[in-house]
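Asker: Here is my input, please return the structure:
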Amino acid sequence: MKRFLTLLAALVASWGCLVAQPSANKLWFDKPASYWEEAWPVGNGRIGAMVFGGTEVEELQLNEETISTGGPYENWNPEGRQYLQEIRELIFAGRYDEAQKLGDEHFLSPVGEEMSYQTAGSLKIRFLGRSGEVTDYRRELDLDRAVVRTSYKVDGVEYVEEVFASLTDQLIVVRLTASRPKALSCELFYTTPMPDTKVSVVGRNLLRLEGKGSDKGSIPGAIRYVNDTRAKVRGGKLSAADDKLCVEGATELLLQFRGLQDRGRRPVCAQRRLYEEGFAQIRQGAGRARRGLQGPVRPGPAGPRPFDGRRPSGQ
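Answerer: Predicted coordinates for the structure are as follows:
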């Protein structure tokens, strides 16, 4: 999440690479993201996702604010206190090189390690049973509603995906719908570059990834975390197969992701009651919380078509 606000600010500042709809405050692409910086962000200050908008395999790259390398450790220099006054006097005397040398040797951390932020992995959705060409593709970020919406048509069916983050329920929520009944079939699974991970299915509808942050130099990894994604379908069948969930012949698929971290203790499962709420209830609560925090965003007018993300405006 530390990077999300910076990324969003950069996207708004470089609106010439995108299309802005002044009347609705929307930025959009006409193709899926081909790399991380093209994906649209959603987040609530603790958990977040980068939405790629894939039509064959969708990816939501997930983050939780506290997942990092290493673990709690002492990084202060016990010699620092006795040299502090001397370093100050050297600085006040304009002897900066000497102050720097003394500080490097006796004031800075002898461990010399800063912990690195790490990913919570990716939730992927592999769509099945599609053979036609993708048309009418649009992937947009609605700045007023803080919702990422992807829509396109395949074989005469319109597919729509909506993603948002709820502050009140601490969830990333995904809803996928098909305009033709029972036209939505897919597989849900996790991928991650992190070591020491385990993927499992809990019950019939919860996909779980358990992991641990990696080592950093002399500091062993100690941050344990759990990703829970619960699925609910309408008009179809949901089943478990090894380390993935399978959706067959659905009209609607609702996903609710919650990332948890326990600072080295055993991960705690998400409260089930949060997953029992419907899409409209969660979105309504998220909207009320967001309106209390969000000010107006005005990217300004732009051209009538999306750009490739790098081409200057007017070319």
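Asker: Regarding residue 104, what is its secondary structure?
Answerer: Three-state call for residue 104 (DSSP: H, G, I helix; E, B strand; the rest coil): helix.
Asker: which residues touch it?
Answerer: Not one residue lies near residue 104 by Cβ atoms under 8 Å, 6 or more residues apart in numbering. Any C-beta I mention is one placed from the backbone N, CA and C, and that applies to glycine too.
Asker: Residue 200 touches residue 243, doesn't it?
Answerer: Yes - counting by Cβ atoms under 8 Å, residue 200 touches residue 243, with 6.5 Å between them.
Asker: all strands for the stretch 51-200 of the chain, in order.
Answerer: Along the stretch 51-200 of the chain, counting by DSSP state E, counting those that start in this stretch, strands occupy 57-64, 122-127, 134-142, 147-154, 157-166, 171-178, 184-191, 198-202.
Asker: Which residues does the shortest one contact?
Answerer: It stands for strand 198-202. 189-190, 207-211, 228, 240-245.
Asker: Go through those residues and name the one nearest residue 116.
Answerer: Closest approach to residue 116 among those (Cβ to Cβ): residue 211, at 14.9 Å.
Asker: Tell me the secondary structure at that closest one.
Answerer: Classified using three-state DSSP, residue 211 is strand.
Asker: List the beta-bridge partners for it.
Answerer: Beta-bridge pairing of residue 211 under DSSP bridges involves residue 225.
Asker: Can you give me every residue that contacts it?
Answerer: 120-121, 192, 194, 196-198, 224-227.
Asker: got any ranges where this protein has weak pLDDT?
Answerer: In the predicted model, the chain carries pLDDT under 70 at residues 1-24, 112, 261-315.
Asker: what residue lies at the spatial centre of it?
Answerer: residue 49 (1.6 Å; Cα atoms, centre = their mean).
Asker: just checking, it touches residue 259?
Answerer: No - in this structure, residue 49 is not within contact of residue 259 by Cβ under 8 Å, at 9.5 Å.
Asker: Mutual contacts of these two, please.
Answerer: 62-63.
Asker: re the thing from before, can I get the host helix or strand of the residue nearest to the centre of the chain in PDB, CA atoms only?
Answerer: Assigned by DSSP states H and E, residue 49 falls within strand 47-51. What follows is strand 47-51, C-alpha atoms only, in PDB (Å, rounded to 0.1, in the frame of the first residue of the first chain):
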ATOM      1  CA  ILE A  47      -4.600  -4.200   1.700                       C
ATOM      2  CA  GLY A  48      -4.600  -3.500  -2.000                       C
ATOM      3  CA  ALA A  49      -4.600  -5.000  -5.400                       C
ATOM      4  CA  MET A  50      -3.300  -4.200  -8.900                       C
ATOM      5  CA  VAL A  51      -5.900  -5.200 -11.500                       C
END
